[in-house]
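>>> Fold the following for me, if possible:
(one chain, ligands or ions: 1)
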Amino acid sequence: MAVGVGVIGAGTVGGGVIELLLGNTDQIADNTGAGVVLKHVADLNTAALADYDLTGVTVSNDAMKLIEDPEVQVVCELIGGEQPAKKFILAAMAAGKHVVTANKMLLAKAGPELTAAAVAAGVELRFEAAVGGTIPIIKAIRESLSANHIHAVYGILNGTCNYILTRMQEEELEFSDVLQQAIDMGFAETPPDLDIEGHDTAHKCQILASLCYNTQVDLEQVYVEGITKIRLLDVEYADELGYDIKLLATTRKIDGEIEARVTPTLVPQEHLLASVRREFNAVYVESDFADSTFYYGRGAGKKPTASAVLSDIADIARAQGAAVQPPFRYTHQLDVRAIGLHRGRYYMRLTTQDHPGVLGKVCSTLGRHGISIASCFQHEESDNNPAHIVIMSHYALESSVVAAVEEIDRETFITEPTNVVRVLD
Ligand code: HSE
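The predicted model follows:
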């Protein structure tokens with residue numbers, strides 16, 4: 001029997017899901033043996049639905065009517081944001097409906113509450129589209145890699161940031177030159193600070209960390225740095241050193257704790273992640289038996305995201321009558337490691353007056369904090385320009401780097417705060 005689908009929110013993603021449900025149901029049935037049929041669409045602006053042939057489909061401007069519709073067994077929440085999305089999801093689950101959502105912010109903030117509600121109601125809450133758009137990374141972690149211990153996940157999970165960083169590198173543009181064009185691409189959140197300050201990536205990082213390690217991760221414990229401090233200079237110096245700068249979500253298990261952080265990161269140019277250009281997303285997973293696996297695709301956009309939503313709906317339709325899976329399994333209680341305990345290599349760009357003794361002072365401060373220098377260079381600048389000293393460290397403790405840089409930045413010869421970027425290890 002075909003499963004009836006209701007779509008709340010007919011914006012970009014919702015519109016794509018409606019198109020896919022109207023156009024490709026035969027393909028879905030052919031590929032999966034599961035029948036799915038669009039039964040109800042709810043949007044505050046029903047006039048926006050005039051573009052679709054919704055013959056036989058109930059249209060309303062009231063999501064609660066859709067949730068109560070007996071012909072709807074799967075509710076797609078595609079309005080995003082915290083409220084009223086959460087209210088609709090909880091109401092749908094309480095009414096015994098399975099839910100599919102792309103709402104990364106809500107999952108990251110209310111995962112335990114939503115999981116408890118799904119388990120209590122005995123329904124599925126699926127969210128393949130919430131992380132990496134069309135990339136099947138949730139399925140990969142929950143299913144394909146389910147026999148593995150996952151050691152580490154590195155994700156480029158924000159198309160807006162990756163687009164900005166790629167264009168800065170390829171066209172020698174400053175961050176501010178390309179920001180508006182990135183927003184015009186149509187992938188940015190409202191407001192775009194969620195993208196460029198790293199919070200959208202943090203939501204996705206929190207979801208991946210919870211899934212990979214079956215533990216509750218408080219979003220506040222995910223360390224977040226965005227890309228607003230990255231200047232063309234840093235992109236060019238990184239390139240000279242053989243690296244690309246990417247905004248990475250990293251989650252790893254270390255000594256019984258997990259790391260969950262979002263940071264601009266120097267990625268070696270020969271690494272697969274460095275090949276991810278423009279608005280594309282990718283996830284690199286290291287696990288004990290599968291070893292390294294890599295997942296790539298479009299992280300946003302109408303059709304790719306709709307494709308991911310439909311994969312969840314098809315899975316629910318295929319599994320009718322089978323035991324339902326909880327969205328998250330909080331079977332462990334792992335602490336999130338403080339960022340200060342991170343050990344890695346660091347790129348540091350110092351902006352200084354060009355005086356005798358500056359480099360000596362900087363090196364001795366780094367040395368006192370136990371930070372060993374792997375390489376260091378300064379290009380000749382014309383008169384009146386500050387000098388940039390670029391330092392790559394050997395492995396060092398984050399708290400030591402922070403303390404050393406704070407001390408260096410108090411020196412009168414420093415004319416701008418030092419820019420520190422972590423290196424992928
Ligand atoms: N704002 C996000 C991005 C949309 O730029 O990738 C997809 O989650």
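
>>> Could you pull out the helices in the stretch 51-200 of the chain for me?
Assigned by DSSP state H, counting those that start in this stretch, the helices in the stretch 51-200 of the chain fall at 63-68, 85-94, 104-121, 137-139, 159-171, 175-184, 193-196, 199-213.

>>> Spatially, which residue comes closest to the residue in the stretch 201-350 of the chain that the ligand sits nearest to, not counting chain neighbours?
Going by Cβ to the nearest ligand atom, the ligand is nearest to A300 of the stretch 201-350 of the chain, at 3.6 Å. The C-beta positions use only the backbone N, C-alpha and C, and glycine is treated the same way. Nearest residue to A300 in three dimensions, chain neighbours excluded: F187, at 4.1 Å (Cβ to Cβ, 6 or more residues apart in numbering).

>>> The one you found and P304 touch, don't they?
No - the pair F187 / P304 is not scored as a contact, 10.6 Å apart, by Cβ atoms under 8 Å.

>>> The two - which one has more neighbours?
Each of F187 and P304 has its neighbours counted (other Cβ atoms under 10 Å); F187 has more, 24 against 19.

>>> so who does the more buried one touch?
Applying Cβ atoms under 8 Å, 6 or more residues apart in numbering to F187 gives the contacts 159-160, 163, 279, 299-301.

>>> change it to 7 Å
Residues counted as contacts of F187 (Cβ atoms under 7 Å, 6 or more residues apart in numbering) are 159-160, 279, 300-301.

>>> Of all the helices of the stretch 51-200 of the chain, which one is nearest Y330?
helix 104-121 (6.6 Å; Cβ to Cβ).

>>> helices and strands around the closest one, which ones?
When contacts are defined as 3 or more Cβ pairs under 7 Å, 6 or more residues apart in numbering; DSSP states H and E, helix 104-121 packs onto helix 85-94, helix 199-213.

>>> With mean pLDDT as added columns, please give these in JSON lines.
Output for those, formatted as JSON lines (pLDDT from 0 to 100):
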{"stretch": "helix 85-94", "mean pLDDT": "98"}
{"stretch": "helix 199-213", "mean pLDDT": "98"}
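
>>> Could you dump those into TSV and include mean neighbour count?
TSV is the format used below for the helices and strands packed on helix 104-121 (neighbours: other Cβ atoms under 10 Å):
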stretch	mean neighbour count
helix 85-94	20
helix 199-213	27
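
>>> Let's have those helices in a markdown table, adding distance to the ligand.
Output for the helices and strands packed on helix 104-121, formatted as a markdown table (distance: least, Cβ to the nearest ligand atom, whole Å):
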| stretch | distance to the ligand |
| --- | --- |
| helix 85-94 | 15 |
| helix 199-213 | 5 |
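
>>> so which of those gets nearest E225?
That would be, of those and by Cβ to Cβ, helix 199-213, which comes in at 9.7 Å.

>>> So which other helices or strands are in contact with the closest one?
Helix 199-213 packs on helix 104-121, strand 150-156, strand 243-254, strand 257-268, going by 3+ Cβ pairs under 7 Å, 6+ apart.

>>> Make CSV out of these and add distance to the ligand and mean neighbour count.
Shown next, in CSV, are the helices and strands packed on helix 199-213 (distance: least, Cβ to the nearest ligand atom, whole Å; neighbours: other Cβ atoms under 10 Å):
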stretch, distance to the ligand, mean neighbour count
helix 104-121, 6, 20
strand 150-156, 9, 22
strand 243-254, 10, 23
strand 257-268, 13, 23
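
>>> Could you export these to CSV, including columns for mean pLDDT?
Shown next, in CSV, are the helices and strands packed on helix 199-213 (pLDDT from 0 to 100):
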stretch, mean pLDDT
helix 104-121, 98
strand 150-156, 98
strand 243-254, 98
strand 257-268, 98
